[in-house]
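Colleague: What would the 3D arrangement of this be:
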Amino acid sequence: MPDFIVRESVIAYQFAREMDARELATLIMPGSPIPKGSCSTTILSQIQQGGLVSKRLKNKYKIALQSFLENNLEDKL
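Modeller: Residues are numbered from 1 along each chain as shown. Model prediction:
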């Protein structure tokens, strides 16, 4: 788990949203109040797979996630 997660947590898929690269950059810049960290590929995969089966993630995001995962798999082959 990222070190800023200090207790058992869940992913709130219902709050997924789109943002452009500029908006994302402001959230990940040094000094941003948004906690940052990294997680293992295993945890990331669990988050992604959870999104695909979540009843709370909008279908447009499920489609985008599935496409991303398929394209990523093709790139590895």
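Colleague: Who are the packing partners of the longest helix belonging to the chain?
Modeller: Looking across the chain with DSSP state H, the single longest helix is helix 59-76. The contact analysis (3 or more CB pairs under 8 Å, 6 or more residues apart in numbering; DSSP states H and E) places helix 59-76 against helix 41-53. For every residue, glycine as well, the C-beta is placed using N, CA and C.
Colleague: Contacts for the helix it packs on, please.
Modeller: The contact list for helix 41-53, computed with CB atoms under 8 Å, 6 or more residues apart in numbering, reads 1, 11, 13, 16, 39, 57, 61-62, 65-66, 69.
Colleague: let's see 6 Å
Modeller: By CB atoms under 6 Å, 6 or more residues apart in numbering, the residues outside helix 41-53 that reach it are 11, 13, 57, 62, 65.
Colleague: and if you look at stretch 21-36?
Modeller: With contacts defined as CB under 6 Å, 6+ apart, stretch 21-36 is touched by Phe4.
Colleague: what distance separates the start and the end of that stretch?
Modeller: In stretch 21-36, first residue to last residue: 17 Å (CA to CA, to the nearest Å).
Colleague: i'd like the first residue to be 9 from this point on
Modeller: New numbering, starting at 9: the last item is stretch 29-44.
Colleague: starting at the chain centroid, how far to it?
Modeller: Centroid separation between stretch 29-44 and its chain, computed with CA atoms, centre = their mean, to the nearest Å, is 15 Å.
Colleague: Would you mark the buried spots in it?
Modeller: Across stretch 29-44, burial judged by 16 or more other CB atoms under 10 Å covers no residue at all.
Colleague: rewinding a little: select only the buried ones of the contacts of helix 49-61 in PyMOL?
Modeller: This is the PyMOL syntax for the buried subset of those, where burial follows 16+ other CB under 10 Å:
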select buried, resi 21+65+70+73
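Colleague: Just send the contacts of helix 49-61 back as CSV, with distance to Thr34 too.
Modeller: Output for the contacts of helix 49-61, formatted as CSV (distance: CB to CB, whole Å):
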residue, distance to Thr34
Ile19, 22
Tyr21, 23
Leu65, 24
Lys70, 26
Leu73, 23
